[in-house]
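Visitor: okay, sequence plus prediction incoming.
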Amino acid sequence: MTDTPAVRASGRRRKVRAVLAAGLVLGAGAAVTLAAWNDSEFATGTFTAGTFNLVGSTDGTTFTDHATAGTAATLPFTVNAASLSPTDVAAAPFAVELAANTTNNATVTVTSAGTAGTVTNLTYQLLQTTTFGCTAATTGTTLVPAGTALSTVPASTTFSLAAGTGGSAGAPVYLCFKVTAGPGLAQGQSGSATWQFQAASQ
(Lines give C-alpha, C1' and ligand atoms only; values in the text may rest on other atoms or scores of the structure.)
Protein backbone atom coordinates (compact mmCIF):
# COMPACT_ATOMS: atom_id res chain seq x y z
CA MET A 1 0.00 0.00 0.00
CA THR A 2 1.33 3.36 -0.97
CA ASP A 3 2.25 5.59 1.95
CA THR A 4 0.22 8.66 1.22
CA PRO A 5 -1.10 11.35 3.56
CA ALA A 6 -4.58 9.84 3.30
CA VAL A 7 -3.30 6.40 4.25
CA ARG A 8 -1.32 7.79 7.17
CA ALA A 9 -4.39 9.69 8.43
CA SER A 10 -6.54 6.58 8.16
CA GLY A 11 -3.98 4.60 10.23
CA ARG A 12 -3.89 7.22 12.90
CA ARG A 13 -7.71 7.15 13.18
CA ARG A 14 -7.68 3.34 13.64
CA LYS A 15 -5.04 3.62 16.39
CA VAL A 16 -7.02 6.32 18.20
CA ARG A 17 -10.19 4.18 18.04
CA ALA A 18 -8.25 1.19 19.38
CA VAL A 19 -6.82 3.23 22.28
CA LEU A 20 -10.28 4.66 23.11
CA ALA A 21 -11.79 1.19 23.01
CA ALA A 22 -9.08 -0.08 25.34
CA GLY A 23 -9.74 2.84 27.64
CA LEU A 24 -13.43 2.00 27.77
CA VAL A 25 -12.62 -1.60 28.59
CA LEU A 26 -10.19 -0.57 31.30
CA GLY A 27 -12.76 1.87 32.69
CA ALA A 28 -15.39 -0.85 32.90
CA GLY A 29 -12.91 -3.19 34.52
CA ALA A 30 -12.02 -0.56 37.13
CA ALA A 31 -15.70 -0.03 37.97
CA VAL A 32 -16.21 -3.74 38.58
CA THR A 33 -13.13 -3.90 40.78
CA LEU A 34 -14.31 -0.95 42.94
CA ALA A 35 -17.74 -2.49 43.42
CA ALA A 36 -16.20 -5.75 44.58
CA TRP A 37 -14.32 -3.92 47.39
CA ASN A 38 -17.31 -2.02 48.81
CA ASP A 39 -18.74 -3.40 52.08
CA SER A 40 -21.39 -2.40 54.63
CA GLU A 41 -22.24 -3.17 58.25
CA PHE A 42 -25.68 -2.56 59.79
CA ALA A 43 -26.61 -2.44 63.49
CA THR A 44 -30.15 -2.34 64.90
CA GLY A 45 -31.18 -1.45 68.44
CA THR A 46 -34.65 -2.42 69.67
CA PHE A 47 -36.14 -0.31 72.46
CA THR A 48 -39.12 -1.54 74.44
CA ALA A 49 -40.58 0.44 77.33
CA GLY A 50 -41.00 -1.33 80.65
CA THR A 51 -44.32 -1.72 82.45
CA PHE A 52 -45.20 0.03 85.68
CA ASN A 53 -48.25 -0.68 87.82
CA LEU A 54 -48.95 0.06 91.50
CA VAL A 55 -51.79 -1.91 93.10
CA GLY A 56 -53.37 -1.80 96.55
CA SER A 57 -55.14 -4.13 98.96
CA THR A 58 -57.42 -3.74 101.99
CA ASP A 59 -56.98 -7.38 103.07
CA GLY A 60 -53.27 -7.93 102.38
CA THR A 61 -53.99 -10.70 99.87
CA THR A 62 -56.02 -9.46 96.92
CA PHE A 63 -54.32 -6.58 95.13
CA THR A 64 -56.02 -4.53 92.45
CA ASP A 65 -56.01 -1.08 90.85
CA HIS A 66 -57.66 1.89 92.57
CA ALA A 67 -56.45 4.41 90.02
CA THR A 68 -58.66 7.41 90.79
CA ALA A 69 -60.18 9.09 93.83
CA GLY A 70 -63.56 7.91 92.56
CA THR A 71 -62.46 4.26 92.71
CA ALA A 72 -60.52 4.54 95.98
CA ALA A 73 -60.35 1.44 98.17
CA THR A 74 -62.55 1.73 101.26
CA LEU A 75 -60.41 1.30 104.38
CA PRO A 76 -61.86 -1.24 106.86
CA PHE A 77 -61.62 0.73 110.12
CA THR A 78 -61.77 -1.43 113.27
CA VAL A 79 -63.77 1.14 115.22
CA ASN A 80 -66.99 2.08 113.47
CA ALA A 81 -66.05 5.33 111.78
CA ALA A 82 -69.75 6.07 111.44
CA SER A 83 -70.21 6.40 115.23
CA LEU A 84 -67.04 7.98 116.58
CA SER A 85 -66.96 9.72 119.91
CA PRO A 86 -64.17 11.88 121.42
CA THR A 87 -60.88 10.01 122.04
CA ASP A 88 -61.91 7.03 119.87
CA VAL A 89 -59.17 5.63 117.63
CA ALA A 90 -60.27 4.02 114.37
CA ALA A 91 -57.57 1.89 112.72
CA ALA A 92 -57.39 0.37 109.26
CA PRO A 93 -54.71 -1.55 107.32
CA PHE A 94 -53.74 -1.01 103.70
CA ALA A 95 -51.03 -2.52 101.51
CA VAL A 96 -49.43 -1.62 98.21
CA GLU A 97 -47.13 -3.51 95.88
CA LEU A 98 -45.78 -3.39 92.35
CA ALA A 99 -47.70 -5.75 90.08
CA ALA A 100 -45.98 -8.76 88.52
CA ASN A 101 -45.63 -7.06 85.13
CA THR A 102 -43.70 -4.10 86.62
CA THR A 103 -40.06 -3.83 85.55
CA ASN A 104 -38.76 -1.01 87.77
CA ASN A 105 -38.45 -0.28 91.48
CA ALA A 106 -40.46 2.67 92.79
CA THR A 107 -40.53 5.48 95.28
CA VAL A 108 -44.05 6.05 96.58
CA THR A 109 -45.14 9.49 97.75
CA VAL A 110 -48.19 9.79 99.98
CA THR A 111 -50.36 12.83 99.32
CA SER A 112 -53.85 13.93 100.23
CA ALA A 113 -56.27 13.69 97.34
CA GLY A 114 -58.84 15.67 99.30
CA THR A 115 -61.56 15.60 101.92
CA ALA A 116 -65.32 15.85 101.82
CA GLY A 117 -67.80 16.89 104.49
CA THR A 118 -66.54 17.87 107.95
CA VAL A 119 -63.24 16.44 109.16
CA THR A 120 -62.41 18.95 111.90
CA ASN A 121 -61.28 17.53 115.24
CA LEU A 122 -60.01 14.40 113.49
CA THR A 123 -56.30 13.62 113.32
CA TYR A 124 -54.40 10.62 112.03
CA GLN A 125 -51.14 8.71 112.04
CA LEU A 126 -49.72 6.55 109.22
CA LEU A 127 -47.33 3.72 110.02
CA GLN A 128 -45.35 1.31 107.85
CA THR A 129 -45.56 -2.09 109.51
CA THR A 130 -43.83 -5.45 109.04
CA THR A 131 -47.03 -7.52 108.78
CA PHE A 132 -50.54 -6.86 107.55
CA GLY A 133 -52.92 -5.71 110.26
CA CYS A 134 -53.75 -2.55 112.14
CA THR A 135 -55.24 -1.74 115.54
CA ALA A 136 -54.95 1.17 117.95
CA ALA A 137 -51.98 -0.65 119.53
CA THR A 138 -50.07 -1.33 116.29
CA THR A 139 -46.53 0.02 116.08
CA GLY A 140 -44.19 0.53 113.15
CA THR A 141 -42.15 3.09 111.25
CA THR A 142 -43.86 6.47 111.32
CA LEU A 143 -44.61 7.92 107.90
CA VAL A 144 -47.10 10.53 109.16
CA PRO A 145 -46.86 11.49 112.84
CA ALA A 146 -49.81 11.18 115.21
CA GLY A 147 -51.86 14.35 115.55
CA THR A 148 -51.68 15.29 111.86
CA ALA A 149 -54.87 16.96 110.62
CA LEU A 150 -56.94 14.55 108.56
CA SER A 151 -56.90 16.92 105.59
CA THR A 152 -53.09 17.17 105.31
CA VAL A 153 -49.99 15.10 104.56
CA PRO A 154 -46.51 16.31 105.56
CA ALA A 155 -44.15 17.02 102.69
CA SER A 156 -41.83 14.23 101.53
CA THR A 157 -43.86 11.37 102.99
CA THR A 158 -42.30 8.54 100.96
CA PHE A 159 -41.35 4.88 101.07
CA SER A 160 -39.75 2.43 98.62
CA LEU A 161 -41.16 -0.51 96.72
CA ALA A 162 -39.17 -3.20 94.91
CA ALA A 163 -40.19 -4.75 91.61
CA GLY A 164 -40.68 -8.50 91.59
CA THR A 165 -38.56 -11.06 89.79
CA GLY A 166 -39.38 -14.13 87.73
CA GLY A 167 -42.88 -12.95 86.89
CA SER A 168 -43.90 -12.41 90.54
CA ALA A 169 -45.21 -9.23 92.15
CA GLY A 170 -42.85 -7.20 94.27
CA ALA A 171 -42.86 -7.49 98.06
CA PRO A 172 -45.78 -5.50 99.51
CA VAL A 173 -45.47 -2.62 101.93
CA TYR A 174 -47.96 -2.81 104.78
CA LEU A 175 -49.51 0.36 106.15
CA CYS A 176 -51.63 1.26 109.16
CA PHE A 177 -53.93 4.28 109.35
CA LYS A 178 -54.99 5.41 112.83
CA VAL A 179 -57.64 8.13 113.02
CA THR A 180 -58.26 9.76 116.41
CA ALA A 181 -61.35 11.76 117.32
CA GLY A 182 -60.54 14.92 119.28
CA PRO A 183 -62.43 16.24 122.29
CA GLY A 184 -64.15 18.89 120.17
CA LEU A 185 -65.78 16.36 117.80
CA ALA A 186 -69.27 17.58 117.04
CA GLN A 187 -72.21 15.24 117.31
CA GLY A 188 -73.43 14.13 113.91
CA GLN A 189 -70.50 15.53 111.96
CA SER A 190 -69.57 13.46 108.94
CA GLY A 191 -66.66 13.60 106.53
CA SER A 192 -64.19 11.55 104.55
CA ALA A 193 -60.56 11.75 103.57
CA THR A 194 -58.82 10.21 100.57
CA TRP A 195 -55.08 9.56 100.38
CA GLN A 196 -53.13 9.16 97.18
CA PHE A 197 -50.13 6.86 96.82
CA GLN A 198 -48.17 8.12 93.84
CA ALA A 199 -45.46 5.76 92.60
CA ALA A 200 -42.55 6.97 90.48
CA SER A 201 -40.30 4.42 88.76
CA GLN A 202 -36.62 4.38 89.71
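Guide: The structure has been received and is ready for your questions.
Visitor: give the residue spans of the chain that score low on pLDDT.
Guide: By pLDDT under 70, the low-scoring segments of the chain are 1-36, 79, 81.
Visitor: quick one: the strands in it, in order.
Guide: With strands called from DSSP state E, the chain shows them at 54-57, 89-98, 106-117, 122-129, 141-149, 158-161, 173-181, 191-201.
Visitor: and the last one, what does it pack onto?
Guide: Applying 3 or more C-beta pairs under 8 Å, 6 or more residues apart in numbering; DSSP states H and E, one finds that strand 191-201 makes contact with strand 54-57, strand 89-98, strand 106-117, strand 122-129. C-beta here means a position set from N, CA and C on the backbone, and glycine is covered the same way.
Visitor: of all those, which one is nearest residue 191?
Guide: Set against residue 191 and scored by C-beta to C-beta, the helices and strands packed on strand 191-201 come closest in strand 106-117, at 3.3 Å.
Visitor: which parts of the closest one are buried?
Guide: Within strand 106-117, the residues that count as buried by 16 or more other C-beta atoms under 10 Å are 106, 108-110, 112, 115.
Visitor: got the contact list for it?
Guide: For strand 106-117, the surrounding residues in contact (C-beta atoms under 8 Å, 6 or more residues apart in numbering) are 52, 54, 69, 72, 96, 98, 126, 143-144, 150-153, 156-161, 163, 173, 189-202.
Visitor: can you give me the angle that strand makes with strand 141-149?
Guide: 20 degrees (axes from the mean of the first three to the mean of the last three C-alpha atoms, to 10 degrees).
Visitor: this protein - how does it break down into domains?
Guide: Listed by automatic domain parsing, the domain ranges of the chain are 1-39, 54-201.
Visitor: residue 46: which of the ones you listed is closest?
Guide: domain 54-201 (15.3 Å).
Visitor: now the closest one: how far from the chain's centre is it?
Guide: 21 Å (C-alpha atoms, centre = their mean, to the nearest Å).
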